[in-house]
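1. next come a sequence and a model predicted from it.
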Amino acid sequence: MEELNCETVFTIPVFGGIGVSESTVVTWIIMAALTVLAIVLVRNLKVENPGKIQLALESAIGWAQDFFDGVMGVRGRAYIPYLITVMLYLAVSNLIGLAGFKPPTKDLNVTAGLALMSIILIEGSGYRAKGFKGKLKSFAEPVPIVLPINILEIFIKPVSLCMRLFGNILGSFVVMELIKVIVPVLVPIPFSCYFDIFDGLIQAYVFVFLTALFIGEAVE
């Protein structure tokens, strides 16, 4: 239970004191690390005779664009940079426990914030693609009787995204802690490879995939 608690690292002395949680500090560390890494990797890009690192980056970005094009279609290309950013953040967040940090995704506030951002983007993409009247009409499709269900989906989607990510990361953490208590030597290593690495990356993929799928549905 102590490990699951999100402690306040320090307090900002404004508006009576704003507490900064551990998940926020770790998120800042991840942001700084990804920013520095991006600056380092994109230096000295070449049109002719690119290096191996540049080729690897171009291949990764090309794969991501093809993947999201297949999910969202051409009309969803404007949202690919956001989705790639979220995928990188979630992947690093879920793996950062291996470096001794507490994963931010174990904080329900973090997963709720990500889900809220995604649902705002999903609904906004629908209004952008169809216009205000077109989006309102879509709530009554395919038949007007489903209007309450379609409206309810606006609230169901973020809850689903939030709880799926939070529940899986929390569940993996609890299982690993129990294994470490029962068999503390050697046995946790292969389980750690699954729960900390494989499952963490899978959850990042699932979150981004579902967000892309909802955007694709919104812009159809």
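-> The structure has been received and is ready for your questions.
2. which helix or strand contains the closest residue in space to T111 that isn't next to it in sequence?
-> With C-beta to C-beta, 6 or more residues apart in numbering as the criterion, T111 has its nearest non-adjacent residue at 4.1 Å, and that residue is F166. All C-beta atoms are positioned from the backbone trio N, CA, C, and that covers glycine. Assigned by DSSP states H and E, F166 belongs to helix 147-182.
3. tell me where the protein has helices.
-> Applying DSSP state H to the chain gives helices spanning 22-41, 52-72, 80-95, 108-138, 147-182, 188-192, 199-219.
4. could the ones you listed go into a markdown table alongside distance to E7 and mean neighbour count?
-> Output for these, formatted as a markdown table (distance: least, C-beta to C-beta, whole Å; neighbours: other C-beta atoms under 10 Å):
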| stretch | distance to E7 | mean neighbour count |
| --- | --- | --- |
| helix 22-41 | 5 | 14 |
| helix 52-72 | 35 | 14 |
| helix 80-95 | 17 | 19 |
| helix 108-138 | 13 | 17 |
| helix 147-182 | 16 | 15 |
| helix 188-192 | 23 | 14 |
| helix 199-219 | 22 | 20 |
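5. is it possible to get JSON lines of the ones you listed that adds distance to T11 and mean pLDDT?
-> Listed next are the helices of the chain as JSON lines, based on distance: least, C-beta to C-beta, whole Å; pLDDT from 0 to 100:
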{"stretch": "helix 22-41", "distance to T11": "12", "mean pLDDT": "89"}
{"stretch": "helix 52-72", "distance to T11": "39", "mean pLDDT": "87"}
{"stretch": "helix 80-95", "distance to T11": "24", "mean pLDDT": "89"}
{"stretch": "helix 108-138", "distance to T11": "16", "mean pLDDT": "83"}
{"stretch": "helix 147-182", "distance to T11": "25", "mean pLDDT": "79"}
{"stretch": "helix 188-192", "distance to T11": "34", "mean pLDDT": "66"}
{"stretch": "helix 199-219", "distance to T11": "30", "mean pLDDT": "84"}
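6. CSV for those helices, including distance to F101?
-> Formatted as CSV, those follow (distance: least, C-beta to C-beta, whole Å):
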stretch, distance to F101
helix 22-41, 5
helix 52-72, 25
helix 80-95, 9
helix 108-138, 13
helix 147-182, 13
helix 188-192, 15
helix 199-219, 13
